[in-house]
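In: below: sequence and its predicted model.
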Amino acid sequence: MCKNMDWNPFPSHPTIASSKRRHRLKHSKVQIYRLSRKRWEENMKKDMELMNLKLYLENQSIIEENEKLRKKASLLHQENLALMSEYQEKFPHLDRFSTTLLLLLQQKH
């Protein structure tokens, strides 16, 4: 009796061995593709996060600038109202349109 443990009742046929080899090659190519794709997706995710951060910071800057301009516009509006009131006190016979026109003419000179 033979005590060979490696004995196989169905010895490997050359076509079966080459089929297994092709399967392993195909499987490793798929693994490489998956790893490459995963790395690409991770890089894209990092790029998107960086772009998102840059846009967020730019938006914050725009919001700050907008708030400064809003405050400046409010101050100018208050100044305009004060000047209009002052001119209406000096020239009570003029209506609002005439007062505005007078202010504009004086600012040009």
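Out: In hand now; what should we look at? Numbering: from 1, shown residues only.
In: sketch out the low-pLDDT regions of the chain for me.
Out: Residue ranges of the chain with pLDDT under 70: 1-18, 20, 23, 25, 109.
In: mind redoing it with 50?
Out: Applying pLDDT under 50 to the chain flags residues 1.
In: can you check which helix is longest in it?
Out: For the chain, the helix with the greatest residue count under DSSP state H is helix 14-90.
In: how far does that one sit from the chain's center?
Out: In this view, helix 14-90 has its centroid 2 Å away from the chain centroid, taken as C-alpha atoms, centre = their mean, to the nearest Å.
In: show me what that helix is packed up against.
Out: On a contact count with 3 or more C-beta pairs under 8 Å, 6 or more residues apart in numbering; DSSP states H and E, helix 14-90 meets helix 96-108. Glycine gets a C-beta too; all of them are placed from N, C-alpha and C.
In: what's the angle between the helix it packs on and helix 14-90?
Out: On the basis of axes from the mean of the first three to the mean of the last three C-alpha atoms, to 10 degrees, helix 96-108 is oriented at 100 degrees to helix 14-90.
In: any residues touching helix 96-108, and which ones?
Out: Helix 96-108 is contacted by residues Leu83, Met84, Tyr87, Gln88, Phe91, Leu94 when judged by C-beta atoms under 8 Å, 6 or more residues apart in numbering.
In: what residue lies at the spatial centre of this structure?
Out: The residue lying closest to the centre of the chain (C-alpha atoms, centre = their mean) is Asn52, at 3.1 Å.
In: who's in contact with that one?
Out: Going by C-beta under 8 Å, 6+ apart, Asn52 touches no other residue.
In: tell me how far it lies from Gln60.
Out: In this view, Asn52 and Gln60 are 13 Å apart by C-beta to C-beta, to the nearest Å.
In: and for His77?
Out: According to C-beta to C-beta, His77 stands 26 Å off from Gln60.
In: how about Leu76?
Out: Leu76 sits 25 Å away from Gln60, going by C-beta to C-beta.
In: do Glu49 as well
Out: Look at Glu49 and Gln60: by C-beta to C-beta, they are 16 Å apart.
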